[in-house]
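Asks: Turn this into a model:
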Amino acid sequence: MKRTRPRALIITRPARLAAVLAATVLVAAALATTGTGTAAAAANLLANPGFETGTLSGWTCSATGHVTTSPVHSGSGALAGAASASDDAQCAQAVSVQPSSAYTLTAWVQGSYVFLGDTGTGSSDTSTWTASAAGWQQLSTSFSTGPSTTSVTVYVHGWYGEGTYYADDLSLTGPGGSGGGGGGGTVPAAPAGLAVTGTTASSVSLSWTAPAGTVTGYTVYRGGAKAASVTGTSATVTGLAAGTTYSFTVTASDSAGESAASGAVQATTAPSGSGGGGGGSPGSYAVAPYADMTNNQEPMLNQAASQAGLKAFTAAFVIGSGCTPIWGDTLPVTNDPTVTSEITTAEADGAQPIVSFGGESGSELAASCTSLSQLTAAYQSVISTLHVTHIDFDIEGAEIAYTADNATRFQAINALEAANPGLVVSVTIPVLPSGPDANGQAFLAAARSAGTRIDVINAMTMDYYGTWDTGGPTMGADAVAAAQATLAYARTLWPGMTYANIGVTPMIGQNDDPAEVFTEADAQTLVSFATQNHLGRLAFWSVDRDQPCGGSASGLPACSEISQQPLDFTKIFLKYTG
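Replies: Below is the predicted model:
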């Protein structure tokens, strides 16, 4: 499908884009009027111009850049830059040049909104771009250096939220500077003795021996992609999938450039996980009750944090208005001072947020925003605005059965996990005491098929209705049975899952189902089970309701409709520490 120019490209960063486009027009006009000037030398001044080393050696790249073997324009390698909502995936190289000389910069690119340019020329910096290159397309621009310029930086990048672009066979021709290509000087030798010093379910620790001479830093690569930059001779790479084998190399850098890669080592992360990250102790996120951020009962959240010691909460719910993420009060997440202030206040009181997308009412973003790139950018804007490390997708009602929405959502989650190392992702789904129903099972199976890492499957243990109410439901025991059955099904998809990948969320007090009441005794039963089995998360709906009815607190959205003291359930649940 042919995509029109994205609105975000115009609105989000207008000054930068305007400058890029203006520079492109001026360069084109100048070339048409004056020609290219001095004939360029045939030699390519760039180091590793086609990424044939299998690494990003010679280039300084965003963490989202890596070397790919497909597609390539020629040879066996090319640059792949995964542009996210907050990162344009730039790769740059400083090159030694001569003053008052003419140069031509070219690159073969593929993707949407790919830019090629130069900076530090000492005269007029130039750039060029393509809006859409379905196949390989050559970009070209020319510049002249100023009378005292001896180094120029060239770059290639994508555009925010536009997804992965590819670049290959870059070339800079013109008179070489006294230092030669790639910045001049002598680059260090490759580090030696790379070794694995430790692993967890989500990290690998490495060490190596420094090469002779001066080294200013090291870059660790995971499968050809930049994974970490350090100044010492050890590093820990985090955000990895459990039970997975990875290959690592390391390079050394100084002012002259980056060395060749070391010999590769392989490491396998511990198997105690979901087939994705997480699976360890939930830490301060062990108890994270939901808080309805727009029901006028937010003071209960403040009291839970400041008086009961709540360390985490699940901020509900972000829904969609087209591709704009909004809270339930219809204001954009990126411009809702009231809700942002409520979250900030809770953080100041010691409670960290998990942001939940979806819920029972409203349209989850994947239902209202059908463009994958725009959907990913919308999710990312929430992560970036609220600076969260944990997100939740509460998919219930008819939405859980919409396979197309689910497929797009899981693709977006994959991109978010790649762009946000360490991001913890949970999915919250309705269950029965017998486990997920057919829709829930299909939803989880779709996640598995999409290769999506799910850190926590959060079971909504409430509102069972039907035969489960016969004889009077026992909500604590039913919640335990639901957790057991949910794990049993999850293991058919991810055999390595444990209770550390299971969360449980009851509705405290009176449920919507008139026959169901989750009592304080039921809470004690659930906490005891969680403690024995080390659940990944305990939550409840909701901290706003953790109070008796009376005054302004009236009805199920605002109170439990049972006899209790304020914050009774919060205090019981906080006995669970993981």
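Asks: For Pro337, the count of nearby residues, please.
Replies: Each residue near Pro337 was counted by other C-beta atoms under 10 Å, and the total is 9. Where you see a C-beta, it was placed from the backbone N, CA and C, and this is true even at glycine.
Asks: Show me where this protein dips below the pLDDT cut-off.
Replies: With pLDDT under 70 as the threshold, the chain has low-confidence stretches at 1-42, 85-86, 178-185, 224, 256, 271-281.
Asks: domain assignment for it?
Replies: Domain segmentation of the chain under automatic domain parsing yields 7-183, 192-268, 283-573.
Asks: show me what contacts Asp546?
Replies: In this structure, Asp546 makes contact with 289, 300, 304, 508, 540, 560, 564, 566-570, judged by C-beta atoms under 8 Å, 6 or more residues apart in numbering.
Asks: What's the separation between it and Ser563?
Replies: Per C-beta to C-beta, to the nearest Å, Asp546 is found 13 Å from Ser563.
Asks: Which residues does Leu105 form beta bridges with?
Replies: Beta-bridge pairing of Leu105 under DSSP bridges involves Thr141, Leu172.
Asks: let's number from 56 now, not from 1
Replies: All set: I'll call the first residue 56, so the last point we hit is now Leu160.
Asks: For it, give its distance to Thr176.
Replies: For Leu160 relative to Thr176 (C-beta to C-beta), the value is 10 Å.
Asks: Spit out the residues that contact these two alike.
Replies: What both Leu160 and Thr176 touch, as defined by C-beta under 8 Å, 6+ apart, is the set Phe198.
Asks: Same drill for the two, tell me which one is more crowded.
Replies: Neighbours were counted for Leu160 and for Thr176 using other C-beta under 10 Å; Leu160 has more, 28 against 19.
Asks: hang on, isn't that one packed against Ser199?
Replies: No - using C-beta atoms under 8 Å, Leu160 is not in contact with Ser199, being 12.0 Å away.
Asks: Can you show me the helices along the protein?
Replies: Taking DSSP state H, the helices of the chain run over residues 62-66, 69-89, 354-361, 392-403, 420-423, 427-441, 458-474, 493-504, 530-548, 575-588, 623-628.
Asks: Now do Tyr345: how many residues are near it, please.
Replies: 26.
Asks: what pairs with Lys281 across the strands?
Replies: Residues in beta-bridge contact with Lys281 (DSSP bridges): Tyr276.
Asks: residue contacts, it?
Replies: Counting by C-beta under 8 Å, 6+ apart, Lys281 touches 111, 116-118, 120-121, 274-275.
Asks: between the residues you listed, which is nearest Tyr210?
Replies: Cys116 (9.8 Å; C-beta to C-beta).
Asks: Enumerate every residue touching the closest one.
Replies: 134, 136, 144-147, 281.
Asks: go on, Ala536?
Replies: 488-489.
Asks: do that again at 6 Å, thanks
Replies: By C-beta atoms under 6 Å, 6 or more residues apart in numbering, the residues touching Ala536 are Pro488.
Asks: top of the contacts of Cys116 by neighbour count?
Replies: In the contacts of Cys116, the most neighbours by other C-beta under 10 Å go to Ala144, 29 neighbours.
Asks: That one against Gly120, yeah?
Replies: Yes - here Ala144 lies in contact with Gly120, judged by C-beta atoms under 6 Å, at a distance of 5.5 Å.
Asks: So for Tyr210, which of the helices of the chain sits nearest?
Replies: helix 69-89 (11.3 Å).
Asks: Please convert the contacts of Lys281 to a markdown table, extending it with distance to Ala555.
Replies: Shown next, in a markdown table, are the contacts of Lys281 (distance: C-beta to C-beta, whole Å):
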| residue | distance to Ala555 |
| --- | --- |
| Leu111 | 35 |
| Cys116 | 34 |
| Ser117 | 32 |
| Ala118 | 27 |
| Gly120 | 33 |
| His121 | 30 |
| Thr274 | 32 |
| Val275 | 27 |
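Asks: Need the max-distance pair from the residues you listed.
Replies: Ser117 and Val275 (15.0 Å).
Asks: For Asn494, list the residues it contacts.
Replies: Applying C-beta under 6 Å, 6+ apart, the residues near Asn494 are 455-456.
Asks: mind running it again at 10 Å?
Replies: Contacts for Asn494 (C-beta atoms under 10 Å, 6 or more residues apart in numbering) come out as 450-458, 461, 484-485.
Asks: Now restrict those to buried residues only.
Replies: For those, a burial check counting by 16 or more other C-beta atoms under 10 Å picks out 450-451, 454-455, 457, 461, 484-485.
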